[in-house]
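Participant: Have a look at this fold, sequence not included:
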């Protein structure tokens, strides 16, 4: 009651203030008291009409809210009733499902174990077909097996006789196709990424080759057939090309024996570095070793040919009675011809001097061959030690969790040792051959000088 009285007082005061303000304004605008009275009366009527309209709208909104509240209560009651009905039906259905499952188990009986084995066999077959190269020719087999496994895994459906017979057919076909060499046409992915439709030859469950003689690879993840990035060397490609172009008969072929997955042994074979790649693995030290080897071979061949020519001239000189200055023996004999009456001791010294002048020419560059033969394995050892240091640094950083990577690093480090030995062994042989040839000519000179001194001594003794 106090609140209503306070509210009425506040409204009256606000109305008075508004009326006072309006009267002041009207007083300013109006010219007479009658006109001011009319305007006040007109304003009061407008306010009363507006207030009545507001009260009417408020009453209408209140009635509408009451109607919505009643509808919401009615709908809640209906949903509660429906929820109770559904809960009751759900409980009845649970009991029905349990009863049906019991009936299914009773009717299956011993067939439950049979279908378990059937599901296991289907899973094994799907795993084999996904990775088998025969899937490159027979696509879409795994989709049927996926559906069959999903059906047998559920407790509501059983496989039909036709599905079981098709499972047996797929197993029998896979075993049969593993013993055949057949050709078929399909799209392959070339090494550069372009796609072509070509004739593909399948060798059992081991390998695929194209009609161009290139080995192919079946990719189970995408179902694509693509050329191997690297092809095997040597006779394998020739055999593959002969097999692809053959129509009958027996032909040699490099089949991968690693099983139905195929390609693992072949992949390891083609990933092995070639001779050229091995040379590059040696790095800077390897290049230096091979450069020294090339220089040594060229030098040894050159010296061997030179000594062969000198030996031929010396042999011709041995058959001639007159000294010829185009060979070492001839130049030594010219010393005797130019000093026929010289005493024996002096002649011996002169001839020895002539022989000593010829020896450096005959043994030229032999020491360099010997140095190359000695330095090459030392450089190889240097490259190996350097490579091992790098390998152990990588192990320190990344750990030794990957033995394959560690073995690859050690293998690469040992390449320089192999290169050093490959250069040193031929260098030793070539140095020995060239040195023996040079010593043979020097021995011929010394033998001939000894003979000349003996003859000269006999002549001097005969005169005395």
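Facilitator: Noted; the coordinates are in hand. Predicted model, so just to flag it, every value in this text is computed and none were measured.
Participant: buried ones in stretch 350-364?
Facilitator: Within stretch 350-364, the residues that count as buried by 16 or more other C-beta atoms under 10 Å are 350-351, 354-355, 358-359, 362-363. In this view, the C-beta of every residue, glycine as well, is placed from N, C-alpha and C.
Participant: hmm, I was thinking of stretch 293-306
Facilitator: Judged by neighbour count (16+ other C-beta under 10 Å), stretch 293-306 contains these buried residues: 293, 296-297, 299-300, 303, 306.
Participant: Same check on stretch 303-317?
Facilitator: Result for stretch 303-317 [16+ other C-beta under 10 Å]: buried residues 303, 306-307, 310-311, 313-314, 317.
Participant: In strands only, show me the residues you listed.
Facilitator: Assigned to strands by DSSP state E, none of those qualify.
Participant: Restricted to helices, list those.
Facilitator: 303, 306-307, 310-311, 313-314, 317 (DSSP state H).
Participant: circling back: between the buried residues of stretch 350-364, which sits nearest residue 391?
Facilitator: Set against residue 391, the nearest of the buried residues of stretch 350-364 by C-beta to C-beta is residue 363 (43.3 Å).
Participant: Would you mind confirming that the closest one is in contact with residue 438?
Facilitator: Yes: the pair residue 363 / residue 438 is scored as a contact, 5.2 Å apart, by C-beta atoms under 8 Å.
Participant: JSON lines for the buried residues of stretch 303-317, including pLDDT and distance to residue 381?
Facilitator: What follows is the buried residues of stretch 303-317, written out as JSON lines (pLDDT from 0 to 100; distance: C-beta to C-beta, whole Å):
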{"residue": "303", "pLDDT": "95", "distance to residue 381": "28"}
{"residue": "306", "pLDDT": "95", "distance to residue 381": "33"}
{"residue": "307", "pLDDT": "94", "distance to residue 381": "32"}
{"residue": "310", "pLDDT": "93", "distance to residue 381": "37"}
{"residue": "311", "pLDDT": "92", "distance to residue 381": "37"}
{"residue": "313", "pLDDT": "92", "distance to residue 381": "43"}
{"residue": "314", "pLDDT": "91", "distance to residue 381": "41"}
{"residue": "317", "pLDDT": "90", "distance to residue 381": "47"}
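Participant: export these to JSON lines and tack on distance to residue 53?
Facilitator: Shown next, in JSON lines, are these (distance: C-beta to C-beta, whole Å):
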{"residue": "303", "distance to residue 53": "129"}
{"residue": "306", "distance to residue 53": "132"}
{"residue": "307", "distance to residue 53": "134"}
{"residue": "310", "distance to residue 53": "138"}
{"residue": "311", "distance to residue 53": "140"}
{"residue": "313", "distance to residue 53": "142"}
{"residue": "314", "distance to residue 53": "144"}
{"residue": "317", "distance to residue 53": "148"}
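Participant: Return the closest of these with respect to residue 153.
Facilitator: Using C-beta to C-beta, the buried residues of stretch 303-317 come closest to residue 153 at residue 303, 82.5 Å.
Participant: Share the number of residues neighbouring the nearest residue to the closest one once chain neighbours are set aside, please.
Facilitator: Residue nearest to residue 303 in three dimensions, not counting chain neighbours: residue 434, with 5.0 Å by C-beta to C-beta, 6 or more residues apart in numbering. The number of residues packed around residue 434, counting by other C-beta atoms under 10 Å, is 22.
Participant: ok now do residue 434, which residues does it touch?
Facilitator: For residue 434, the contact set (C-beta atoms under 8 Å, 6 or more residues apart in numbering) comprises 300, 303-304, 307, 366, 369.
Participant: any idea how far residue 362 is from residue 443?
Facilitator: Residue 443 sits 11 Å away from residue 362, going by C-beta to C-beta, to the nearest Å.
Participant: Show me the shaky parts of this protein.
Facilitator: Applying pLDDT under 70 to the chain picks out residues 1-32, 104-105, 107-111, 155-156, 234, 258-265, 267-269, 271, 400-408, 463-464.
Participant: Pull the distance from stretch 279-289 to the chain's centre.
Facilitator: The chain centre lies 25 Å from the centre of stretch 279-289; the measure is C-alpha atoms, centre = their mean, to the nearest Å.
Participant: what about the strands in this structure?
Facilitator: Under the criterion DSSP E, strands of the chain are mapped to 181-189, 195-203, 207-210, 215-219, 224-227.
Participant: just to revisit the earlier point, now distance to residue 385 too, for the contacts of residue 434, in JSON lines please.
Facilitator: Formatted as JSON lines, these follow (distance: C-beta to C-beta, whole Å):
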{"residue": "300", "distance to residue 385": "29"}
{"residue": "303", "distance to residue 385": "33"}
{"residue": "304", "distance to residue 385": "35"}
{"residue": "307", "distance to residue 385": "38"}
{"residue": "366", "distance to residue 385": "30"}
{"residue": "369", "distance to residue 385": "26"}
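Participant: Please identify which pair of those residues lies farthest apart.
Facilitator: 307 and 369 (12.6 Å).
Participant: so how many other residues sit close to residue 46?
Facilitator: When neighbours are counted by other C-beta under 10 Å, residue 46 registers 9.
Participant: related to what we said a few turns ago, with respect to burial, which of the strands of the chain scores highest?
Facilitator: The highest average neighbour count among those, using mean count of other C-beta atoms under 10 Å, belongs to strand 207-210 at a mean of 24.
Participant: Enumerate the sheet neighbours of that one, specifying parallel or antiparallel for every one.
Facilitator: If you go by DSSP bridges, strand 207-210 pairs up with strand 195-203 (antiparallel), strand 215-219 (antiparallel).
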